[in-house]
Structure formats: structure tokens, C-alpha cells
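>>> I would like to see how this sequence folds:
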Amino acid sequence: MSENIGDFSKYSNDSGYGSNSFVSRVRGFWVVILIVIIVVVLYFLYTRFFENIGSGLPLGMTRYSPASGSSGYQAVAVDGNSTSVVYFGKIEGFYNGWLYLSNVFYLNLANGSSSSSTNPQYSLVHLGPNVSFGPVDQLRIQLSHVIYTSDLSTSSKVYKSIEAYNKANPNSQ
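I've put the predicted structure just below:
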């Protein structure tokens, strides 16, 4: 005498809980949405906090985006005791009240020229190991001392001088 006690197939119906059911499709949709949200959050965390690892720049720095069509270099006017100084370089970003500038240049009054003359002569100097005190080619400027910043155009004489310097000294960037 053999009874088939475990066979319930005649009682089963596919009323929405099978592999192709509506519930399975909705679950799959939410899994995809959850994965997309996780990817977006991880991308945000990477770009906000970890992108600067190994660059010498602080984690969490707000990146600077130059105006479209500009050269990628900026002029940064900084107030001093009695005068102001203009630095030229690439603004990397802002962090904790500081502006970070790299590939830095500044104007120096040329030998034999006077600032009081009608046409003073300036030369562009790269801030780097060739300067007497041998600084690293990066400036941190307190934002409270920044008078203005301005993107340089590709037709600027300063930009053209920077490009000529960079071509002549490819390891200086």
C-alpha cells in the first residue's frame, strides 16, 4: 500500500509567487534602484573625500572649475601690508578658509626698470626650486586676503609666457 503523501502539485497554482510573477519583477526593480543609489553615493564620497589622495591636497577639498574657454590658469590678487601681489597659476580648490594654487608664477620688476617709470618692464618668475629659497610649487593663500581671482584667456600674454616656460621646462609642472 503506497500513498503519495508529499505530492501537492494538483493543489498548487501560479497565483503571483512564481519566478516570473509581478512580485519578483518589483523586487528586481528595487534591487536595481538600490544598486544605483549605492553607486551614486560611493562616487560622491570618492570625488568629495578621496580624489586628492597622493596629490598633496587635503581630503574634502572643494575643487575649482575654470570658466569654459579659459586657459585653465587664473590670476589671484592678494592683499599685502601696503601693496598687493598678483599670482598666476591653477586654482586647485578651496579648503577650510584657504585657496590652493599650483604651477605658480608671479611678476618681478626687471633689472634696470623702475616701477615709477611710464613703461616698467616685468618678467614672469616661476615659483619653484629655481627661486633662492627653493619652495614647493604650490601656494596656500588665506581666502580673507584674496582680493579677486580671474580666469586667464588663451590669448593672454601671461598665459603665453607660462606655456612657453612649461614647454622649455616640462618637469616643472
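
>>> the lowest-mean-pLDDT helix or strand in the chain pairs with which strands, parallel or anti?
Evaluated with mean pLDDT, DSSP states H and E, the helix-and-strand set of the chain has its lowest mean pLDDT in strand 62-63, which scores a mean of 72. Strand pairing for strand 62-63, determined by DSSP bridges: strand 84-95 (antiparallel).

>>> send the alpha carbons of the strand it pairs with over as PDB?
Extracted C-alpha coordinates of strand 84-95, given in PDB (Å, rounded to 0.1, in the frame of the first residue of the first chain):
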ATOM      1  CA  SER A  84      49.000  93.800  -3.400                       C
ATOM      2  CA  VAL A  85      50.600  90.900  -5.300                       C
ATOM      3  CA  VAL A  86      49.200  89.000  -8.200                       C
ATOM      4  CA  TYR A  87      50.000  85.300  -8.600                       C
ATOM      5  CA  PHE A  88      49.200  83.300 -11.700                       C
ATOM      6  CA  GLY A  89      48.600  79.600 -11.600                       C
ATOM      7  CA  LYS A  90      46.000  76.900 -11.400                       C
ATOM      8  CA  ILE A  91      43.500  77.100  -8.600                       C
ATOM      9  CA  GLU A  92      43.100  73.500  -7.400                       C
ATOM     10  CA  GLY A  93      40.400  74.300  -4.900                       C
ATOM     11  CA  PHE A  94      39.300  75.600  -1.600                       C
ATOM     12  CA  TYR A  95      39.500  74.000   1.800                       C
END
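
>>> just the buried positions in that strand, please.
For strand 84-95, the buried set under the neighbour-count rule, 16 or more other C-beta atoms under 10 Å, comprises 87, 88, 89, 90, 91, 92, 93, 95. Yep, even glycine has a C-beta here, placed from its N, CA and C like the rest.

>>> which residues does the nearest residue to the second one once chain neighbours are set aside bridge with?
Think residue 88. Once its chain neighbours are removed from consideration, residue 88 has its nearest residue in residue 105; the separation is 4.4 Å (C-beta to C-beta, 6 or more residues apart in numbering). Under the criterion DSSP bridges, residue 105 forms beta bridges with residue 88, residue 126.
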